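Asker: sequence and predicted structure are below.
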Amino acid sequence: NGEPITYNKVLLCTGSKANKIQSALSDIYYLRDIDDARRLKQVLYDESSKQKECVIVGGGYIGMELASAVVQVAAFKKVTMVFSAKHITILRQTFGAKYHALFVERGVEFVTGSRLQSVEGDADGNVTHVVLKNGQSISAQIVICGVGGKPNSDLFQKTLEMDAQLKGLRVNKCMQSVSNKDVYGCGDIIAFECLFFGGRRMRLEHVRHARASAKFAVRSMCQRLNGNEQSNGYYFLPVFYSAVFAQNWIFYGDFPKVAAADDANGKYAIKIYSKNVSQSDGAAGGGEKRQFKLCALWVRKENNQVVGIFVDSDDENDRVAAKNAVEMRENIENINSFVSAFGEPCNM
């Protein structure tokens, strides 16, 4: 309303907003906040939806989780995923094809290699189909969009220094804006110095980082950091996790670009281990059963040091071991007993 509010110190925690389709049509859905979730839940459990065709835009984590959910509740007559890659990819790696197959087995159709151009509708404002940039048209009465988000930076992007590449508020190791020491930031909006990566600046959109950075920023504002924190700054081990059907994975660390197998000059390699799981093993919620276990390791070639680990396993001990291996920067040879539980090395 234009009323000024004075402050001595201020914490910016404005979060992110979903990337949205430019359309006024009804029956386009997102999943960013509680209102989005309630609206989506209503259509998923509406009996009339069972006669409708659904297009899910996006093949990343949100798109995968949305597709998994709608298939498990048999919400729609037909589900089609649309994205530009050849198949589902996870952390830029082709082992995503294993997860792609899970959706194919459950009847999900894929239209890949092109992006969404527009969502079209009738005179009453109802969705009728989507059009891709390659000209292809796909019939749909429901569209669910899961193509990531962007930081809510309108409030400060013209008055505080931003990181042009990361599109985040540049903060120092104590979460202070580099251009105004009385302004602090946390969560999705900040481009921060990651202590785990030797001060490399990065921006993370993840709930664990949001919570941890908020606590650190508040303590910094209140001058409650201990000596180690004041000297070294915010420590956070990057982590991502997701679940589709009965598969349940977590990733710790870094996923640098991996060299081709025949590239002797590449700095990093990836090693993948996987094995199928007996269908007699326990079922997850909804009767789904885990189909495989998988472990992928990103390794620095010059010294075989592990810089990142992806683990798809229900065993909490596996997750703890993965986290410790990355934090301790273990040599891959020292964790053979851990990776051997995931089967033989494989190419994907």
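Answerer: Arrived safely, thanks for sending. The shown structure was predicted, so the numbers you read here are calculated from the model rather than taken from an experiment. Numbers count the residues shown, from 1 in each chain.

Asker: for the rest of this, base every contact and every neighbour count on C-alpha atoms.
Answerer: Noted.

Asker: so where is the stretch 151-300 of the chain shaky, pLDDT-wise?
Answerer: 259-264, 279-286 (pLDDT under 70).

Asker: excluding chain neighbours, what is closest to the most centrally placed residue in the chain?
Answerer: Taking CA atoms, centre = their mean, the centroid of the chain lies closest to Y61, which sits 4.9 Å from it. Excluding the flanking residues, the one nearest Y61 by CA to CA, 6 or more residues apart in numbering is S242, at 6.9 Å.

Asker: just the CA coordinates for the host helix or strand of that neighbour, please, in CSV.
Answerer: Secondary structure assignment for S242, by DSSP states H and E: strand 239-244. The C-alpha atoms that make up strand 239-244 are tabulated as CSV, following Å, rounded to 0.1, in the frame of the first residue of the first chain:
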residue,chain,number,x,y,z
VAL,A,239,21.4,-32.4,-1.5
PHE,A,240,18.5,-33.3,-3.7
TYR,A,241,15.9,-36.1,-3.3
SER,A,242,12.8,-37.5,-5.0
ALA,A,243,10.5,-40.5,-5.2
VAL,A,244,8.6,-42.0,-8.1
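
Asker: give me the buried positions along it.
Answerer: Neighbour-count burial for strand 239-244 flags 239-240, 244 (criterion: 16 or more other CA atoms under 10 Å).

Asker: cool, stretch 86-101 as well?
Answerer: For stretch 86-101, by 16+ other CA under 10 Å, it's 87-89, 91, 95, 98-100.

Asker: try stretch 225-242
Answerer: 225, 233-240.

Asker: what's the answer for stretch 323-335, then?
Answerer: Applying 16+ other CA under 10 Å to stretch 323-335 flags 323, 325-327, 329-332 as buried.

Asker: hang on, the earlier thing: could you point out which element follows the strand holding S242?
Answerer: Next along from strand 239-244, by DSSP H and E: strand 247-253.

Asker: tell me which other helices or strands that following strand touches.
Answerer: When contacts are defined as 3 or more CA pairs under 8 Å, 6 or more residues apart in numbering; DSSP states H and E, strand 247-253 sits against strand 239-244, strand 305-312, helix 316-327.

Asker: would you mind giving these as a markdown table with distance to M348 added?
Answerer: Below are the helices and strands packed on strand 247-253 laid out as a markdown table (distance: least, CA to CA, whole Å):
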| stretch | distance to M348 |
| --- | --- |
| strand 239-244 | 19 |
| strand 305-312 | 14 |
| helix 316-327 | 21 |
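
Asker: which stretch among these comes nearest E120?
Answerer: strand 239-244 (29.5 Å; CA to CA).

Asker: what's the angle between that closest one and strand 247-253?
Answerer: In terms of direction (axes from the mean of the first three to the mean of the last three CA atoms, to 10 degrees), strand 239-244 departs from strand 247-253 by 170 degrees.

Asker: please begin residue numbering at 35 from this point
Answerer: Let's use 35 as the start, then, which means that last one is strand 273-278.

Asker: what is strand 273-278 packed up against?
Answerer: In terms of contacts (3+ CA pairs under 8 Å, 6+ apart), strand 273-278 is packed against helix 95-106, strand 281-287.

Asker: now with 10 Å?
Answerer: Packing partners of strand 273-278 (3 or more CA pairs under 10 Å, 6 or more residues apart in numbering; DSSP states H and E): helix 95-106, helix 130-139, helix 241-255, strand 281-287, strand 339-346.
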